[in-house]
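# Need coordinates for the following:
(chains A and B)
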There are 2 protein chains.
Amino acid sequence: MPLDLNTQSADFAAGFEALLNSKREMSVDVDAAVAAIIADVRARGDAAVLDYTNRFDRMSLSEAVELRVSADEVDAALEQVGPELLAAIDLAATRIESFHARQMPLDDHYTDAVGVRLGLRWTPVSAAGLYVPGGTAAYPSSVLMNALPAKVAGVARIVMVVPTPDGVLNPAVMAAARRAGVTDILRIGGAQAVAALAYGTDSIRPVDKIVGPGNAYVAAAKRQVYGIVGIDAIAGPSEILVVADGANDPAWIAADLLSQAEHDESAQSILLTDDGAFADRVLAAVEDHLERLPRAATARKSWDDHGAVIRLRSLDEAPALVDAVAPEHLELALDDPDGFAAKVNHAGAIFLGRHTPEAIGDYVAGPNHVLPTARTARFSSGLSVFDFLKRTTLVGCDEAALRAIGPAAVTLARAEGLGAHALSVAIRLNEAN
Amino acid sequence: MPLDLNTQSADFAAGFEALLNSKREMSVDVDAAVAAIIADVRARGDAAVLDYTNRFDRMSLSEAVELRVSADEVDAALEQVGPELLAAIDLAATRIESFHARQMPLDDHYTDAVGVRLGLRWTPVSAAGLYVPGGTAAYPSSVLMNALPAKVAGVARIVMVVPTPDGVLNPAVMAAARRAGVTDILRIGGAQAVAALAYGTDSIRPVDKIVGPGNAYVAAAKRQVYGIVGIDAIAGPSEILVVADGANDPAWIAADLLSQAEHDESAQSILLTDDGAFADRVLAAVEDHLERLPRAATARKSWDDHGAVIRLRSLDEAPALVDAVAPEHLELALDDPDGFAAKVNHAGAIFLGRHTPEAIGDYVAGPNHVLPTARTARFSSGLSVFDFLKRTTLVGCDEAALRAIGPAAVTLARAEGLGAHALSVAIRLNEAN
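Got it, this is the predicted structure:
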């Protein structure tokens, strides 16, 4: 049974605090095993990558060139994807590109009142690596959401790594990679793939940034190569918070809660409502749906272990509770969702109104579905073009401009005891000591 | 002696590769000690913070309220700062605010062609913590550079922690904190300060993001609390790459190289020039300056151990070498610095022309002096308002809009085997299975 809280109960504060602090993830310590794999890839390069790939994915590759999925293989895979799915991938890609293109920031170059030239310049990373899990978790939507922001940002080389256990390619993943402008596809996974992307091998040029979801080994490998390359946030289990009044169809809201719960047993779905009878109807509708869903076992475990219903005196109580949860996904099934959204500070993505199920954002709305989990929306954001861009600042002084602002720099440098800093300015003003 | 490379030598590639891969930092493993301090602060709160502060900083505080630096104490400290330094702090602050204000991104709300409402909203973190080292490394410029982007971003609570060994406050640091809009000042440091900021105590409310430089303990503590709060990048030793032709005054360029070298023994200064005789004159000028600089011992060690001069056939060789180094600071003492800058992809900050010493950017130019080190400018950027903002995406469908894009979401969800995702859309289209 999910947790059932009521803001009118004396023990609400304690129950809500426990909900906020509940751990949903088992952390598996694979650091030593991962460090050994990374060291081996650094030492032996392609040979090590081939060995691990053959061992873990039951392959029998002998040459580094075989690590690469050829254009012909992608062509062949695409023929296995039906036209309806190809069209859906294309619609999703077009909408994701369009939304992310609007994020692209502009450079700024100006000269200030004392003649100092100033600038802020955005440039893409040279190469990005995209990790795609193999097997059942290989989602074409995830390929689109990770690769398209890099493409829109102008990244010249986008390298996708995807393990292919027993050599089986996922056709929909190949179709998404092709549509998203992935430039290189490698049939490798695990810590060995992350190491190859970060450090390079004879056949694999290193990248500057690695993004994408993965298992405990992949997450540990990303943490270990961080600094050599940039990485995205390590995502935790997915979560949704739905704020719904009694005017909703309980079956719709129940479906939304279950769409998070079916991701994995650690996912979390929370309902906030001011209508207790409606809450009961949603609970019943969840049970009803669970009888028919393909991933009912996973969804039930998530719902029973981590789900929660919070019954409110009034919807006025909700914004503060939402900010405390800082949910990855916030769904507002209300008459005035915009008014409510304006009262919320912390959420990864907000879904406005009764006809906006969260799943629409997982696929085709346009915004990214890679979002901050586990209350990190308090300080972090979803994947975007900004993850593949970096800023360079520019300053240019002529003699007059340096004369205007240089003396203050000399004063500060001397106050900080940094004599060469002071000298480098003063010597240009003919005032060196 | 600094490394002396020549692109015409047969061993240049090997020498340059060695320069790129040289480690300048000793990593000290303090993880276990730091983990114990964090656990203690989580368990005992203010009492633990008081104990560590009394022990490490030779203080004798007995009440949590004493951890706080009062407004009266700041007032008193300000009276010890001379008018010239106060004016320099104010000029720097005004220019830094102005540059960072131009970075502030705009929200974006629009309705697309099929009627889907889409949005991107920027909001500040609720509270930021700023670590300021104690003793000789307590720089007022660092307070300005870390606090002002938070202030400009709209962060309501900016908490500065600064250890005060033997209870001594640094007046210039207090003046900078006051000018920068720091709302709370705590006389604490080390891992205990980071733990208190991340987890909170009875007297210290937790923050959402922690920035600022610190020693190995502080860096380890920031890594360990990452995820609970956001952190900035862990900065490595500072570095500069100067590209200079023979028309420069060698004494100016030598001062610039030494302004990095004096930071600490792990700092790195590199000169690229197409004029060998000029290179020799710079080397001589470095020796000349070193006879008079207050931090000559530090600067000499850095210059001898990590410095480098690279003699080029032609300046055309320089952009590729610069991109390989991806320097924190790039100084272009050339006739056409803008033309050269346009050929460079990776640098934290660029200083244009013969009258723009890097030190001007450390203090008063306006751009931030917290910049990516150790080749991380390939994928990361200097501190900015973006470090204190996060994005929320918004999606709103009415029935017609959902009917336009929903079927593709259903197709993708079914292809990925996610039945509840498909259901949550289909049920709203009256097409549930």
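# Name the residue of the stretch 51-200 of chain A that lies nearest to chain B.
When scored by C-beta to the nearest C-beta, the stretch 51-200 of chain A has A:Ala88 as its residue closest to chain B, at 3.9 Å. C-beta: built from backbone N, CA, C; applies to glycine.
# and that residue, that one's in a helix?
Yes. Assessed with DSSP: H, G, I helix; E, B strand; the rest coil, A:Ala88 lies in a helix.
# OK, contacts around it?
A:Tyr363, A:Val364, B:Pro407, B:Ala408, B:Ala409, B:Thr411, B:Leu412, B:Ala415 (C-beta atoms under 8 Å, 6 or more residues apart in numbering or on different chains).
# Same check on A:Gly214?
Taking C-beta under 8 Å, 6+ apart as the contact definition, A:Gly214 lies against A:Tyr131, A:Pro133, A:Gly189, A:Val194, A:Lys222.
# so of the residues you listed, which ones are in helices?
If you go by DSSP state H, the contacts of A:Gly214 have A:Val194, A:Lys222 in helices.
# Excluding chain neighbours, give the residue nearest to A:Val116 in space.
A:Ala401 (4.6 Å; C-beta to C-beta, 6 or more residues apart in numbering or on different chains).
# any idea how chain A splits into domains?
As given by automatic domain parsing, the domain ranges for chain A are A:31-231, A:236-379, A:398-429.
# follow-up on the earlier one: most neighbours, which of the contacts of A:Ala88?
Using other C-beta atoms under 10 Å in any protein chain shown as the neighbour criterion, A:Tyr363 leads those with 33 neighbours.
# got the phi/psi numbers for the residue lying closest to it once chain neighbours are set aside?
In space, A:Tyr363 comes closest to B:Ala409 once its chain neighbours are excluded; the distance is 4.1 Å by C-beta to C-beta, 6+ apart. Main-chain torsions, B:Ala409, degrees, to the nearest 10: phi -60, psi -40.
# Any stretches of chain A with poor pLDDT?
Where chain A drops to pLDDT under 70, the residues are A:136-137, A:432-433.
# now the strands for it?
A:3-6, A:108-111, A:117-124, A:127-131, A:157-161, A:184-186, A:209-211, A:230-231, A:239-244, A:268-273, A:308-311, A:329-333, A:349-352, A:389-396 (DSSP state E).
# hmm, who's touching the first one?
Right, strand A:3-6. The contact list for strand A:3-6 (C-beta under 8 Å, 6+ apart) reads A:Phe12, A:Gly15, A:Phe16, A:Leu19, A:Gly276, A:Gly307, A:Ala308, A:Val309, A:Ile310, A:Arg311.
# redo that, cut-off 6 Å
Outside strand A:3-6, the residues that touch it by C-beta atoms under 6 Å, 6 or more residues apart in numbering or on different chains are A:Phe12, A:Gly15, A:Ala308, A:Val309, A:Ile310, A:Arg311.
# Kindly report the same for the fourth one.
Judged by C-beta under 6 Å, 6+ apart, the contacts made with strand A:127-131 from elsewhere in the structure are A:146-147, A:150, A:155, A:157-161, A:197, A:207-212, A:214, A:218, A:388.
# The same query, at a cut-off of 7 Å, please.
Contacts of strand A:127-131 with the rest of the structure, by C-beta atoms under 7 Å, 6 or more residues apart in numbering or on different chains, involve A:146-147, A:150, A:155-161, A:182, A:193-194, A:197, A:205, A:207-214, A:218, A:388.
# centroid residue for chain A?
The centroid of chain A falls nearest to A:Val370 when counting by C-alpha atoms, centre = their mean (3.2 Å).
# Nearest residue to that one in space, please, no chain neighbours.
Nearest one to A:Val370, counting by C-beta to C-beta, 6+ apart, is A:Leu383 at 3.8 Å.
# what does A:Ile405 give?
B:Val364 (4.7 Å).
# The residue nearest to A:Val370 contacts A:Asp232, correct?
Yes. Assessed by C-beta atoms under 7 Å, A:Leu383 is found in contact with A:Asp232 at 6.3 Å.
# Same drill for these two, tell me which one is more crowded.
A:Leu383 (24 against 19).
# show me the residues around that one that make contact.
Contacts of A:Leu383 were listed using C-beta under 7 Å, 6+ apart, and they are A:Met145, A:Asn146, A:Pro149, A:Val211, A:Asp232, A:Asn368, A:Val370.
# picking up where we left off before, closest to B:Asp51 among the contacts of A:Ala88?
Of all those, B:Asp51 sits closest to A:Tyr363, with 53.3 Å by C-beta to C-beta.
# thought the closest one was touching B:Leu412?
Yes. Taking contacts as C-beta under 7 Å, A:Tyr363 lies within contact range of B:Leu412: 4.6 Å.
# Now list whatever residues contact both of the two.
Applying C-beta under 7 Å, 6+ apart, one finds that A:Tyr363 and B:Leu412 are jointly contacted by A:Ala92, A:Ser141.
# what's the spacing between A:Ala426 and B:Ala39?
Remark: distance between A:Ala426 and B:Ala39 (C-beta to C-beta, to the nearest Å) = 49 Å.
# Could you write out the alpha-carbon coordinates of stretch A:350-364 in PDB?
Taking Å, rounded to 0.1, in the frame of the first residue of the first chain, the C-alpha atoms of stretch A:350-364 are listed here in PDB:
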ATOM      1  CA  ILE A 350       5.700  21.000 -15.200                       C
ATOM      2  CA  PHE A 351       2.700  19.500 -17.100                       C
ATOM      3  CA  LEU A 352      -0.100  22.000 -17.200                       C
ATOM      4  CA  GLY A 353      -3.800  21.000 -17.200                       C
ATOM      5  CA  ARG A 354      -5.900  17.900 -17.400                       C
ATOM      6  CA  HIS A 355      -5.000  17.000 -20.900                       C
ATOM      7  CA  THR A 356      -1.200  17.000 -20.300                       C
ATOM      8  CA  PRO A 357      -0.100  13.600 -19.000                       C
ATOM      9  CA  GLU A 358       3.500  13.400 -18.100                       C
ATOM     10  CA  ALA A 359       4.200  10.800 -20.700                       C
ATOM     11  CA  ILE A 360       3.600  13.400 -23.500                       C
ATOM     12  CA  GLY A 361       6.800  15.000 -22.200                       C
ATOM     13  CA  ASP A 362       8.700  11.700 -22.300                       C
ATOM     14  CA  TYR A 363       8.300  11.500 -26.000                       C
ATOM     15  CA  VAL A 364       6.900  14.200 -28.200                       C
END
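# follow-up on the earlier one: and the contacts of A:Gly214, which are buried?
A:Tyr131, A:Pro133, A:Gly189, A:Val194, A:Lys222 (16 or more other C-beta atoms under 10 Å in any protein chain shown).
# thinking again about what came up before, does the residue nearest to the centre of chain A really touch A:Ser380, like I thought?
No. A:Val370 lies out of contact with A:Ser380 (C-beta under 7 Å); the separation is 11.0 Å.
# A:Ala35 against A:Arg223, yeah?
No. A:Ala35 is beyond contact range of A:Arg223, at 10.6 Å (criterion: C-beta under 7 Å).
# circling back to that earlier point, in terms of contact, does the residue nearest to A:Tyr363 touch A:Gly361 like I think?
No. Look at B:Ala409 against A:Gly361 with C-beta under 7 Å: they stay out of range, at 9.0 Å.
# And for A:Ala359, nearest residue in space, chain neighbours not counted?
The shortest distance from A:Ala359 to any non-neighbouring residue, by C-beta to C-beta, 6+ apart, is to B:His421 (4.1 Å).
# any idea how far A:Ser269 is from that neighbour?
13 Å.
# again, but for A:Val370
For A:Val370, the distance to A:Ser269 - C-beta to C-beta - is 19 Å.
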